[in-house]
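Engineer: sequence-free structure coming up:
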Ligand code: AVJ
């Protein structure tokens with residue numbers, strides 16, 4: 001393999017910041033037609049990832065601490081059930097900071113002495129930070145980060161197949177990350193995961209459940225305004241990366257419960273009639289007063305729905321754990 005020289009690397013970097021990059025393509029597609037929309041993966045630049053970390057600590061944002069409580073109570077059962085007496089190696093999709101994962105990794109080390117952990121994420125920076133911290137804090141865990149876009153093609157054997165034939169994989173897809181996809185796309189993602197697993201391997205899926213509307217609204221529109229800042233950071237990112245001139249004070253954060261689709265929706269609402277230029281795209285976008293940019297869906301599931309989703313993707317739902325209030329569920333599917 002020949003490595004690209006520095007000129008070629010520079011060319012790639014420039015392309016990512018102009019018409020050719022994935023950010024540019026998504027923004028052009030989402031803002032040149034109505035209704036205006038931007039995909040939620042745009043939230044997670046460096047500033048956005050830090051804002052998300054702050055969201056997970058908010059009193060209103062029950063998701064992270066509820067799921068952490070479930071994992072803290074049941075990680076050994078989850079690991080034992082997934083392993084079924086064999087050695088496990090653990091893959092995590094969209095690992096991010098991998099904070100809650102430590103509970104499962106510690107349970108795996110407890111059960112088998114050592115464990116290989118393969119976090120998959122598009123951000124090499126996030127993966128490096130996670131590796132450093134986990135290897136320092138949990139002796140027995142070897143971290144092998146995989147920089148990959150799992151939505152568009154997961155390849156678990158890219159770095160070499162399973163060492164032992166009787167080793168099993170456990171894929172973690174926790175944090176209700178799947179909630180950003182509509183049901184059809186979610187099924188596609190789960191089928192993609194099933195496609196790279198062997199019978200007997202397992203998938204641990206964390207989903208947020210339907211609950212009272214005020215609880216949901218508060219979680220996506222907190223008092224301190226961190227979620228608003230997280231949402232508006234998308235516009236700041238377009239200013240930074242695409243030379244756009246969004247006035248962040250001319251848009252407001254809006255969180256809406258859509259009962260028909262059973263999802264929280266986030267929007268950025270234009271406060272006036274305005275025109276925004278996106279220099280790198282040669283694009284001018286007009287907004288009417290009150291016009292919205294749809295930035296995220298977060299699906300909330302009914303009891304039993306996670307099990308059905310697993311089964312529709314070729315897994316047998318072999319275990320489901322929830323909290324006392326039934327606000328969140330973590331379900332284990334066995335690849336059939
Ligand atoms: C990371 C997708 C699970 O939908 O709750 C947090 C992102 N959006 N606050 C979610 C998010 C607004 C989060 N997920």
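Structural biologist: Perfect, thanks for sending it. Everything numeric here is computed off the predicted structure, so don't read it as measured data.
Engineer: low-confidence ranges, the stretch 1-150 of the chain, go.
Structural biologist: Scanning the stretch 1-150 of the chain for pLDDT under 70 picks out 1-20.
Engineer: what residues does it have near the ligand?
Structural biologist: 55, 63 (Cβ under 6 Å from any ligand atom). The way it works is simple: take the backbone N, C-alpha and C, and place the C-beta from them, glycine included.
Engineer: got the residues of the stretch 201-336 of the chain near the ligand?
Structural biologist: Residues of the stretch 201-336 of the chain lying near the ligand (Cβ under 6 Å from any ligand atom): 220, 227, 296, 298.
Engineer: strands along this structure, start to end?
Structural biologist: Assigned by DSSP state E, the strands in the chain fall at 36-37, 87-93, 115-121, 141-143, 146-147, 167-173, 202-208, 251-258, 263-270, 274-278, 283-287, 292-299, 315-322, 328-335.
Engineer: whichever helix in the chain runs longest vs strand 292-299, what angle?
Structural biologist: Longest helix in the chain, counting residues (DSSP state H): helix 62-83. In terms of direction (axes from the mean of the first three to the mean of the last three Cα atoms, to 10 degrees), helix 62-83 departs from strand 292-299 by 40 degrees.
Engineer: what's the neighbour count on the closest residue to residue 128 other than its chain neighbours?
Structural biologist: Nearest residue to residue 128, sequence neighbours excluded (Cβ to Cβ, 6 or more residues apart in numbering): residue 145, at 7.0 Å. Look at residue 145: counted by other Cβ atoms under 10 Å, it has 21 neighbours.
Engineer: wait, doesn't residue 145 sit right on residue 123?
Structural biologist: No - using Cβ atoms under 8 Å as the test, residue 145 is too far from residue 123 to be in contact (9.9 Å).
Engineer: relative to residue 215, how far out is the closest residue to the ligand within the chain?
Structural biologist: Of all residues in the chain, the one sitting closest to the ligand is residue 298 (3.4 Å; Cβ to the nearest ligand atom). Distance, residue 298 to residue 215, using Cβ to Cβ, to the nearest Å: 13 Å.
Engineer: so these two - more neighbours on which side?
Structural biologist: Using other Cβ under 10 Å as the criterion, residue 298 and residue 215 rank with residue 298 on top: 19 against 12.
Engineer: the more buried one pairs with what?
Structural biologist: Assessed by DSSP bridges, residue 298 has beta-bridge partners residue 264.
Engineer: which ones are touching it?
Structural biologist: Counting by Cβ atoms under 8 Å, 6 or more residues apart in numbering, residue 298 makes contact with 176, 179-180, 208, 220, 263-266.
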